[in-house]
Every structure is written in C-alpha cells, then in structure tokens.
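*Asks:* Only the shape, not the letters, is given here:
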C-alpha cells in the first residue's frame, strides 16, 4: 500500500531527489515544484510551455526540458536561459532528461504526436554538451522515455515505452552511446519513468498496469507494487534512498489534466536503496 505525500497536481512527471527534497515537473500545470518528506510543497519556477525532464549542472544550476518548443533551458537568477534549441534534431516533442556527472544532458523525444493519435514513428536520444552543442546519439528508439545511468557512468538504460523494453548502451568517453542491446524485454509492463537500485534492478512506472514494477537484467520480475491510478514516473529518494516516490494521475491527456488536478505523489519504503543517476 502506498501513502499519498502530495495531491492536487495537474500531471506530475520526471521526479528527482535533490538537496533533501523531491523535485518534479507538474507538466500540464507549466511549473517545476519541490516537496519535502512532510508534504510541504513549493513552486520553484513556472514555464510558458510544458516542462519535462529535470537535472542539475555540476555547478548546481537547474536544467529543464521545454517539451513543445524542443529546447533545453537553464534557470539563472530566476529566469530561464536557453542552453540548446533541439528543434532541428528532435523528431517531435522532447521528453525526459538525464544529466551525467560531466554536465552532459541526454534528452529523449516522442518521435510522433502521441496525443494527436498520429501514426507511430521512432524517436531518438539527443546529447547536449555543457556548451550547448547537440547531436543525436541513439536514433530509431521506440518512444524513448525514462533513463538511468549506472554508478560507474558506463551504462545508460533507456525505457522504450513502445517496445515495450528496457534498452542498454555503453557510454563512450565523449558521451556517445554504443553497443545497443536489450537490457530487459517486457510483456505486460509498459515502461514510462524508471529508476535504478543498488542491486542493478530497474524500477519501472507502468501506467497501463497502475503499478511500479522491479525488473532484473534479462527481464525477470522481482516485485510489483500497485498504486492508486496510472503510474507515470518513479524515483528512489529520501536520505537513505530507500523511499520510492511515484508520480500518478488519472490521465495524461493535456486537456483533461489542465482542468482536473488528479495528480499525486505517492510513496512506499523499499529494502534496496537507489543507485546511479538521476
């Protein structure tokens, strides 16, 4: 059973544990928020478009993906500054984000207009250097979504929501992705947001099953935890990284979310702490 930490959100996504709080994008509310373990929430910043993936530079500056206009932004003195315009590289809206220890940002894309019921088309992962230079490092992915980086920084795992699968890559010294391989095939689990634990298992938020699922390399299901409604993202946090935070909502439809604040942050304890990034 989960505990509700915070409710009344439009559509919480891309949770990150940072500096003693859970940070997340309230995507269809156009705001970045943070909440502490006692449920005290703060609106950190607002955006004119939908925010998605979050991360921090080595200097502690907040980075956010601006989905619809396909840009990577940095918060400077309370104002958003453009790090990179990704419109020329992204096949459709940008989505989740992972920032590595060097400040390099990996940005996933939808590939097609999901909300508009457009025909399927593959997406990609784009690498943005700290100076804003950007290039595609993983083309042809089946709706790349959440990402995790192992503690040694050598393996990046990407959730392919329309695989459904988890796909792994070797990270080259320059940040390029090589050696694409299947980390875990999935059947009844649709992976959205993901996080990694210290035993190398990946926790998967599965909106179709209304659950969070712990998956081993190779695809064995190690555990399932039901949540109140659709689970869209998850993050292991808390001071010992043994608290699972889950972003849930009754719908992901933008129009519905703008008028119905069904989003929640739900929590439950785990035995194995989180590891790696984000």
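*Replies:* Structure received. It should be emphasised that the depicted structure is a prediction, and the values quoted were computed from it without experimental measurement.
*Asks:* hang on, residue 39 packs against residue 5?
*Replies:* Yes: counting by CB atoms under 8 Å, residue 39 does reach residue 5; the two are 5.2 Å apart. To be clear about C-beta, it is placed using only N, CA and C from the backbone, and glycine gets the same treatment.
*Asks:* between the two, who's got more neighbours?
*Replies:* residue 5 (19 against 13; other CB atoms under 10 Å).
*Asks:* who touches the spatially closest residue to the more buried one that is not a sequence neighbour in this structure?
*Replies:* Nearest residue to residue 5, sequence neighbours excluded (CB to CB, 6 or more residues apart in numbering): residue 265, at 4.5 Å. Taking CB atoms under 8 Å, 6 or more residues apart in numbering, we find residue 265 in contact with 4-7, 9, 12, 15, 22, 24, 35, 245-248.
*Asks:* What about these, which one has the most neighbours?
*Replies:* Neighbour-wise, these (other CB under 10 Å) top out at residue 247, 31 neighbours.
*Asks:* What are the contacting residues of stretch 158-174?
*Replies:* By CB under 8 Å, 6+ apart, stretch 158-174 touches 100, 108, 120, 125, 138, 141-147, 149, 153-157, 177-187, 189-194, 202, 204, 215.
*Asks:* ok, and the closest non-adjacent residue to residue 46?
*Replies:* In space, residue 46 is closest to residue 31, 4.9 Å off (CB to CB, 6+ apart).
*Asks:* which residues does that neighbour contact?
*Replies:* Residue 31 touches 25, 43-47, 51, counting by CB under 8 Å, 6+ apart.
*Asks:* same check, this time on residue 132
*Replies:* 72, 82-84.
*Asks:* Among the residues you listed, pick out the one closest to residue 198, please.
*Replies:* Nearest to residue 198 out of those is residue 72 (CB to CB; 29.5 Å).
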